[in-house]
Each structure stands twice: as C-alpha cells, then as structure tokens.
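In: Generate coordinates for the sequence data below:
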Amino acid sequence: MSSMSRRPLLGTTAAAATLPLLPPGLAQAAAPFRNTLPAGWHRFKIGEYEATIVSDGALPLGDPVPAFPASPKAEIEALLTSNFLVPNAATLEQNALILNTGRQLILFDTGMGESMGAASRMFGPTTGKLLENMRAAGIQPEQIDMVVLTHAHCDHCWALVDANGNRNFPNAQVAVTEADLKFWTDDGNKRGPEFMTAFIDGAKKNLSAYKDRMVMVRDEQPVVPGVVGIFTPGHTVGHSCYAITSGNTTVMNTGDLAHHHILLMRQPLWEFSYDTDPKQSAQSRSRMLDRLARDRIAVLSYHFPWPGLGHVAREGSGYGWYPTPMNLSTL
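Out: Residues are numbered from 1 along each chain as shown. A predicted model of the protein is given here:
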C-alpha cells in the first residue's frame, strides 16, 4: 500500500479512536426485526392506459427437478447455479395486472385466494395476497369491471370467490376461453396427476359463481377494446396470452407461457409437469417467444421475478430475459 493510500485510512482510524462514548441512558440496543414486506404493487403506463401490477405473493415451487421430469437433473442445477440461483429451491412470483383503460378496470388473473381452504395453501403461506395488495394500491375489488383469465389453474382463478363462495369481484364479468371453461369444470378430467382433482374442484367453485357473467375469449379477437386474446395452448387446453395496445405501445401479458425466467427461457422445449400437454406447451412457448424477440414486444410474465416486466431476446438455441427497470414509467 502506498503512503498516499494509507493516509486517509490511518486518519479515519485515529478519528474513530477519539470518538466519545455515548452517555448512559441513550438507546444503544439493536432495533427489532420487522419481518414484514411492503405492499406489493407497481404502477406504470402502457401508452394512454394506466397499469398496476399487484402481487399475490411468492409461490415456492420447491426442488425444481420434479417439475421438469424429462430434463437432466445436472443441467437444471447447472443453469440455476450459473445464474446465481440455488439449485434445490425455485420460487416463482405471481404478478397480476390491473389495467385502467379510462373506460374499464380490468384484472388479469386473481392469484390463489382462500376459496379452497387448506388447498389454497398447497404452495405454502406466502400466496393469497392479491386483495390486500390491490387495496394498498388504491383499488377496490368492487371497482373491477372484468377479470380476464390467462387460464383456469389454481394460482390464476381461485380468488374469484372467497371461502364461502361469495364473489370477490361483485361487479365483474369473467373472460376465459371456452376450452378452459369446459375442461376445468368437467369431473371426467379428474385423472392423471394427483393435483387434477383439487384443480378441477377449485375451478368449478370459482367459475360457477360467475356463470351468468362469462365472456368467451376468441383467438386473435378483442376481449375489450385494446386487449386481444392469442391462443397459446398446452399449459392448459385454452391457455392464452393477451396483447395490450394503446397508441404505438404494446405489452404482451404472457401468463404461464414460461414459468421460469432461466430454465424455460434457455430451454424453451423443456416439458413442465403442470402442463396439460407438455409437448404442445413447448411448441406454443417457442413460437410466442420467437415472436416477442423478433418484434421486440414488451412482456409481462406472471411468474418471472417481480414485477415481471421486460423483454425477450434470442440467444443461441434459447432466449434471454431482460427485466425493465422499475423506475421506467412507460414501456
């Protein structure tokens, strides 16, 4: 160390040694840990629209290896560790979008909620925060005009009603594909993976409460002005993305097109255990990711790291995820 670099250090040390001791009676104890999180919402603009992302809380997937049963364990772990993620515990976010078009207030997906009792906590106690965070963002459930579902899985529709079956969004219509509505309310589909029974029972309870308010989403057609549904089947039979356009700005709400910002981006053809048709899902994912990268379309992903906003870029045989800075007011 040179004499020039040592002098400031020595001077600081000497000054610290001569600081007076605090007099008796002044607080010196460490402050208690808060162990609470701030309200989870983020507001920005999509053209002339106002958009608010509201968190339903973290969704711990646990060990990711069983979720990708056809993929090599060593490759899964290598991808995670090389991106500074722990290899044995993946956590997904739940980023629900509320869109104010100036004419309507539209909620995309609802999170886990509490409608199914203990089953609503199948992923742990950190989910079910949507209504609380909506209110923290200044939005009341009764203000929602329409709930648009990307699909009818538990973490996307189980907060349509409360534990007693009462509508959480009393003035809202519900938009969903006819394919998902039929599939997830059919007891004949209670077969295959163990989770199917709970998923169908939950969808039946939540969707049936709005049976006189359903709007069927059609491929490449507007659900409401400025919001176009795009079928991306495979994760469920009727899974859809939504292109939201105001002026010259478009954001694609991709729902569960890809669950993980590393694993299913770097390896878009990998199969995911919660997919109804894993091979179809992989093909839908690849086609849409290619479109998003080619056309440089901004993305909102439901399960990517908070708040789920960013862009997709083609990188080798896969894709890279580039988050949008949270202080950016427009996309």
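In: only C-alpha atoms for contact and neighbour calcs from this point on.
Out: Will do.
In: and the helix ranked longest in the chain, average pLDDT?
Out: The longest helix of the chain (DSSP state H) is helix 278-294. Averaging pLDDT along helix 278-294 yields 98.
In: Moving C-terminal from that helix, which element do we reach first?
Out: strand 298-301 (DSSP states H and E).
In: Can you name the element that comes right after that following strand?
Out: strand 309-315.
In: Please name every helix or strand in contact with that next one.
Out: Packing contacts for strand 309-315, counted by 3 or more CA pairs under 8 Å, 6 or more residues apart in numbering; DSSP states H and E, involve helix 278-294, strand 298-301, strand 318-323.
In: Send me the shortest one as CSV with only the CA atoms.
Out: Same thing as strand 298-301. What follows is strand 298-301, C-alpha atoms only, in CSV (Å, rounded to 0.1, in the frame of the first residue of the first chain):
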residue,chain,number,x,y,z
ALA,A,298,-42.5,-5.7,-24.2
VAL,A,299,-43.6,-8.6,-21.9
LEU,A,300,-45.4,-9.0,-18.6
SER,A,301,-44.8,-12.5,-17.2
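In: ok so, going back, most tightly packed of the helices and strands packed on strand 309-315?
Out: Of the helices and strands packed on strand 309-315, the one with the most neighbours on average (mean count of other CA atoms under 10 Å) is strand 298-301, at a mean of 26.
In: So what touches the longest helix of the chain?
Out: Applying CA atoms under 8 Å, 6 or more residues apart in numbering, the external contacts of helix 278-294 come out as 232-235, 257-258, 268-272, 275, 298-299, 311-314, 319.
In: 10 Å instead?
Out: Helix 278-294 is contacted by residues 230-237, 239, 241, 251-252, 254, 256-258, 264-265, 267-272, 275, 295-299, 311-315, 318-321 when judged by CA atoms under 10 Å, 6 or more residues apart in numbering.
In: returning to what we had before: possible to save the helices and strands packed on strand 309-315 as CSV with distance to Val223?
Out: Output for these, formatted as CSV (distance: least, CA to CA, whole Å):
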stretch, distance to Val223
helix 278-294, 19
strand 298-301, 18
strand 318-323, 27
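In: how about the ones you listed, which one is nearest Asn100?
Out: Smallest distance to Asn100 across the helices and strands packed on strand 309-315 (CA to CA): 15.7 Å, for strand 298-301.
In: ok, Asp256 touching Gly238?
Out: No - using CA atoms under 10 Å, Asp256 is not in contact with Gly238, being 11.6 Å away.
In: shared neighbours, those two?
Out: By CA under 10 Å, 6+ apart, the residues touching both Asp256 and Gly238 are 150-151, 232.
In: What is the nearest of these to Pro125?
Out: His151 (22.6 Å).
In: Grab the nearest non-local neighbour of that closest one.
Out: His239 (4.9 Å; CA to CA, 6 or more residues apart in numbering).
In: neighbours around that neighbour, how many?
Out: 27 (other CA atoms under 10 Å).
In: Pull the contacting residues for it.
Out: His239 neighbours (CA under 10 Å, 6+ apart): 149-153, 176-177, 179-180, 229-233, 254-257, 281, 284.
In: tell me the pLDDT at it?
Out: For His239, the model assigns a pLDDT of 98.
In: per-residue pLDDT, the closest residue to Glu48 other than its chain neighbours?
Out: Closest residue to Glu48 apart from its sequence neighbours, by CA to CA, 6+ apart: Ser246 at 6.0 Å. Ser246 is assigned 97 on the pLDDT scale.
In: Check Ala39 too.
Out: Listed pLDDT for Ala39 reads 75.
In: Okay, it and Ala58: tell me how far apart.
Out: To Ala58, Ala39 is 13 Å away according to CA to CA, to the nearest Å.
In: same check, this time on Ile144
Out: In terms of CA to CA, Ile144 sits 23 Å off from Ala58.
In: again with Met134
Out: Distance, Met134 to Ala58, using CA to CA: 16 Å.
In: Tell me which other helices or strands the helix or strand hosting Glu50 touches.
Out: For Glu50, the element it lies in under DSSP H and E is strand 49-55. Under the contact criterion of 3 or more CA pairs under 10 Å, 6 or more residues apart in numbering; DSSP states H and E, strand 49-55 touches strand 41-46, strand 95-100, strand 105-108, helix 130-136, strand 240-246.
In: Gln267 contacts Arg314, correct?
Out: No - contact criterion CA under 10 Å: Gln267 and Arg314 do not qualify, at 11.6 Å.
In: Which residue, neighbours along the chain excluded, lies closest to Asn248?
Out: Distances taken as CA to CA, 6+ apart place Gly47 nearest to Asn248, at 7.0 Å, with adjacent residues excluded.
In: re earlier: are any of the contacts of His239 buried, and if so which?
Out: For the contacts of His239, a neighbour count by 16 or more other CA atoms under 10 Å gives the buried set as 149-153, 176-177, 179-180, 229-233, 254-257, 281, 284.
In: Restricted to helices, list those residues.
Out: Per DSSP H, the buried ones among the contacts of His239 map to helices at 179-180, 281, 284.
In: just curious, which of those is nearest to Pro170?
Out: For these, the nearest to Pro170 is Asp180 (22.1 Å; CA to CA).
In: list the contacts for that closest one?
Out: 149-153, 186, 203, 216, 233, 236-240.
In: Is Leu80 located within a helix, as I assumed?
Out: Yes - Leu80: assigned to a helix according to DSSP: H, G, I helix; E, B strand; the rest coil.
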